[in-house]
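*Asks:* Below: sequence and its predicted model.
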Amino acid sequence: MTADECRVLTAHDERLTVGHLVTVRWTTNHRSYAAPGHVVKVHAKSVLVALDVAIRAMSPADRALANADGIIYPAGHVITAPRITDIRSWRANNGTTDAELDRACRKETV
């Protein structure tokens, strides 16, 4: 991570408030997930994010974790993600980024 990227992430972290639209990334069961959501609570070292969309099972291994409708995480499910201030827990695949910034970055790379 470059110094500029770190500054952008730190600025995002400082702006986190309830209702802020973010992209949350988390890992569980040796899998990583990413989804849009909104902040429901901000703690000193973590943030709680409610998912705006359902996460569906895509692989056979995921289907074992899904409900009858094929959903692993329903919309509204709350994910706890570390803030960048908790540098020991924060990772590129375990944290939040600004939703608008994330969309802009995807457009540049596509």
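*Replies:* Cool, the structure landed.
*Asks:* Skip ahead from the strand or helix carrying residue 32 and say which helix or strand is next.
*Replies:* Using DSSP states H and E, residue 32 sits within strand 31-42. Downstream of strand 31-42, the first helix or strand assigned by DSSP H and E is strand 46-51.
*Asks:* For residue 69, give its distance to residue 60.
*Replies:* Distance, residue 69 to residue 60, by C-beta to C-beta, to the nearest Å: 16 Å. C-beta coordinates here come from the backbone N, C-alpha and C atoms, glycine included.
*Asks:* Might you list the low-confidence residue ranges for this protein?
*Replies:* Applying pLDDT under 70 to the chain flags residues 1, 87, 90, 92, 100-110.
*Asks:* So which residues of it form strands?
*Replies:* Along the chain, the stretches classed as strands by DSSP state E are 21-28, 31-42, 46-51, 55-56, 71-73, 78-82, 95-98.
*Asks:* Perfect, I'm done here.
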